[in-house]
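*Asks:* Let's see this in three dimensions:
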Amino acid sequence: MSKHILIMFVTLFFYMTPFKVQADSGGYIVKFVPDTIPPDIKFERLFDNTYYTKDINNLNGLEGYVEYVEPDDMVELIEPVNRRTKTLQRNSVGISETQSWQSEMVKADFAWELATYGNGVNVAIIDSGCNTHTDIIGNLAGGHNYILNTDDYSDNIGHGTHVAGIIAAEHNNFGIMGVAPKVQIYALKCFDSNYQTTVSMLAKAIKSAVDDYNCRVINMSLGLKSDRETLHEAIQYAAAKGAIIIASVGNDGDDIIYYPAGYDEVIGVGSVGSTKEISYYSQVNDSVFVVAPGESYESLQGVNDYTIKQGTSQAAPLVSAAAAILVSADNNMSLESFKNLIMNCSEDLGDAGYDTEYGYGLLNIRKMLDDRIGDYYVSQINANELIIYNNTSDDFSAVGIWGEYKNNMYVNGKTDEIFVPSRDKLKIEFLYNNEARFFLWDSLNSMRPLTAMRKSVTN
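*Replies:* Sure thing, here's the model as predicted:
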């Protein structure tokens with residue numbers, strides 16, 4: 001590349017997005033003008049017209065194709081505060097589990113009472129991977145290691161495993177209780193022992209979360225102090241595919257904005273403690289959309305152990321779990337509708353209305369779910385049972401129709417008269433070994449459905 005062209009590119013970089021070039025930034029990200037990809041290009045494609053190249057000299061002769069170029073910056077994992085904590089040994093089966101004060105504070109138990117656990121919702125955790133811990137292994141569906149480009153997403157830091165436990169630790173007879181214990185976790189590993197990744201690797205993981213793993217929820221505990229177009233476009237790509245994206249806002253306790261939490265398409269999460277006061281380490285700026293408890297959070301470590309960590313990294317997965325719960329209750333849940341629920345249903349803290357410490361307030365899953373489910377709600381089928389909830393001021397009678405299907409063919413069924421008092425719920429138990437579906441009608445004569453069909457969920 002000629003000296004004149006090199007100077008032109010460097011000038012272009014500084015004009016578009018000022019940055020400090022790092023020797024270890026790992027190369028450059030190039031976006032080509034739409035529909036004008038150069039012929040015989042050898043660059044690595046990230047998504048759409050966006051590519052990665054190690055050497056800026058590879059752009060020689062391609063100036064007319066380029067929309068922008070930016071450095072492949074390093075992105076930091078937002079580490080928990082005081083992460084080196086005493087490990088709590090929980091190796092013996094039979095230890096009684098109790099609801100944590102954190103999940104109690106956000107009123108997750110209301111969703112559990114309605115047998116709504118994020119059933120079948122795919123959740124991507126873009127982090128340091130996840131270990132096959134005994135308290136989550138049933139909900140760990142897979143993942144990828146973007147550092148080595150392998151399927152070994154084991155976690156040698158412990159950060160991603162801790163986050164995963166907050167979301168999806170199973171409700172069994174030992175350990176802790178995840179907030180959404182029937183989601184499917186996909187561990188997308190971008191961080192190793194150096195606690196760093198790159199924008200290009202992160203962009204690939206975000207795209208893969210929606211394209212390869214069909215994730216409706218993406219959780220990220222990471223940050224970059226500069227707004228990078230490639231990162232923002234990857235976020236926009238995932239949001240356009242229907243993903244609800246949640247990120248921690250940072251643990252510096254100042255007003256610096258971290259990205260992706262700073263983007264409009266991302267729900268930035270700050271941290272509070274047991275008294276609902278803002279945590280000393282939580283960022284204070286307009287990237288804070290909502291807060292959740294992030295202090296002294298016990299979750300998974302290794303494959304059998306438990307440990308306590310704290311930070312906005314521990315608050316964000318509570319909001320991701322809430323998103324999965326709402327998606328499982330209403331498959332039409334979108335990013336905008338979820339944001340509106342947060343705005344309208346959160347417990348206002350700090351200054352009246354929105355503020356940069358607490359955002360719109362403390363997450364309240366009960367109010368969000370109550371607002372969304374409408375007059376009548378039928379849970380998904382869990383262990384051959386379901387919950388019918390009457391969310392109206394009147395008692396109601398209805399007709400329940402169960403249908404047993406095999407290979408999508410009806411083979412059996414039955415009807416029952418159902419009565420549910422106002423603001424109360426009814427548990428229905430039935431035994432079908434195949435695919436069970438449930439319908440609730442106001443009568444056999446009119447056959448007017450009160451609720452949508454629910455298919456069984458076996459996980």
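*Asks:* Only C-alpha atoms from now on, for both contacts and neighbour counts.
*Replies:* OK.
*Asks:* and the next element down the chain from the longest helix seen in the chain?
*Replies:* For the chain, the helix with the greatest residue count under DSSP state H is helix 312-329. Scanning forward in sequence from helix 312-329 by DSSP states H and E, the next helix or strand is helix 335-345.
*Asks:* can you give me the helices in the stretch 101-250 of the chain?
*Replies:* 101-105, 109-113, 159-168, 199-211, 229-240 (DSSP state H, counting those that start in this stretch).
*Asks:* Neighbours of the closest residue to residue 280 other than its chain neighbours, how many?
*Replies:* The shortest distance from residue 280 to any non-neighbouring residue, by Cα to Cα, 6 or more residues apart in numbering, is to residue 253 (5.9 Å). Here the number of neighbours of residue 253 (other Cα atoms under 10 Å) works out to 15.
*Asks:* how close does residue 253 get to residue 128?
*Replies:* Using Cα to Cα, to the nearest Å, residue 253 is found at 23 Å from residue 128.
*Asks:* Show the model's pLDDT score for residue 69.
*Replies:* Looking at residue 69, its pLDDT reads 95.
*Asks:* Specify the beta-bridge partners of it.
*Replies:* residue 30 (DSSP bridges).
*Asks:* quick one: the strands in the stretch 51-200 of the chain?
*Replies:* Along the stretch 51-200 of the chain, counting by DSSP state E, counting those that start in this stretch, strands occupy 66-71, 74-77, 87-88, 122-127, 140-145, 184-189, 196-198.
*Asks:* In JSON lines: these, plus distance to residue 47 and mean neighbour count.
*Replies:* Converted to JSON lines, those look like this (distance: least, Cα to Cα, whole Å; neighbours: other Cα atoms under 10 Å):
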{"stretch": "strand 66-71", "distance to residue 47": "15", "mean neighbour count": "21"}
{"stretch": "strand 74-77", "distance to residue 47": "19", "mean neighbour count": "22"}
{"stretch": "strand 87-88", "distance to residue 47": "41", "mean neighbour count": "14"}
{"stretch": "strand 122-127", "distance to residue 47": "17", "mean neighbour count": "30"}
{"stretch": "strand 140-145", "distance to residue 47": "17", "mean neighbour count": "20"}
{"stretch": "strand 184-189", "distance to residue 47": "17", "mean neighbour count": "29"}
{"stretch": "strand 196-198", "distance to residue 47": "15", "mean neighbour count": "21"}
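*Asks:* These into CSV, with extra columns for distance to residue 98?
*Replies:* CSV is the format used below for the strands of the stretch 51-200 of the chain (distance: least, Cα to Cα, whole Å):
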stretch, distance to residue 98
strand 66-71, 47
strand 74-77, 30
strand 87-88, 15
strand 122-127, 24
strand 140-145, 22
strand 184-189, 22
strand 196-198, 35
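*Asks:* what's the closest of these to residue 347?
*Replies:* For those, proximity to residue 347 was assessed by Cα to Cα; strand 122-127 is nearest, at 25.4 Å.
*Asks:* That closest one - what's its average pLDDT?
*Replies:* Strand 122-127 shows a mean pLDDT of 98 in the predicted model.
*Asks:* Please enumerate residues in contact with it?
*Replies:* The contact list for strand 122-127 (Cα atoms under 8 Å, 6 or more residues apart in numbering) reads 77, 159-160, 163-164, 183-191, 202, 205-206, 209, 213-222, 324.
*Asks:* try stretch 219-231
*Replies:* 17, 29, 50, 70, 74-78, 123-127, 199-200, 202-203, 245-250, 256-261, 312-313, 316-317, 320.
*Asks:* try 6 Å this time
*Replies:* The contact list for stretch 219-231, computed with Cα atoms under 6 Å, 6 or more residues apart in numbering, reads 75-78, 125-126, 203, 246-248, 258-259, 313.
*Asks:* Go through that stretch and flag the buried ones.
*Replies:* By neighbour count on 16 or more other Cα atoms under 10 Å, the buried set for stretch 219-231 is 219-224, 226-231.
*Asks:* same check, this time on stretch 248-265
*Replies:* 248-251, 256-263, 265.
*Asks:* try stretch 374-393
*Replies:* Neighbour counts over stretch 374-393 (16+ other Cα under 10 Å) mark 375-382, 384-391 as buried.
*Asks:* Give me the distance from it to the chain's centre.
*Replies:* The chain centroid and the centroid of stretch 374-393 are separated by 24 Å under Cα atoms, centre = their mean, to the nearest Å.
*Asks:* May I have the distance across that stretch, first residue to last?
*Replies:* 12 Å.
*Asks:* cool, stretch 59-72 as well?
*Replies:* Stretch 59-72: ends 15 Å apart by Cα to Cα.
*Asks:* what sits up against that stretch?
*Replies:* Residues outside stretch 59-72 that contact it (Cα under 6 Å, 6+ apart): 1, 25-33, 199.
*Asks:* Check the gap between the residue nearest to residue 280 and residue 347 for me.
*Replies:* Residue 253 is 22 Å from residue 347, by Cα to Cα.
*Asks:* what about residue 415, how many residues close to it?
*Replies:* Counted with other Cα under 10 Å, the neighbours of residue 415 add up to 14.
*Asks:* From residue 407, how far off is it?
*Replies:* Residue 415 sits 22 Å away from residue 407, going by Cα to Cα.
*Asks:* Please apply the same query to residue 75.
*Replies:* Distance of residue 75 to residue 407, given as Cα to Cα: 47 Å.
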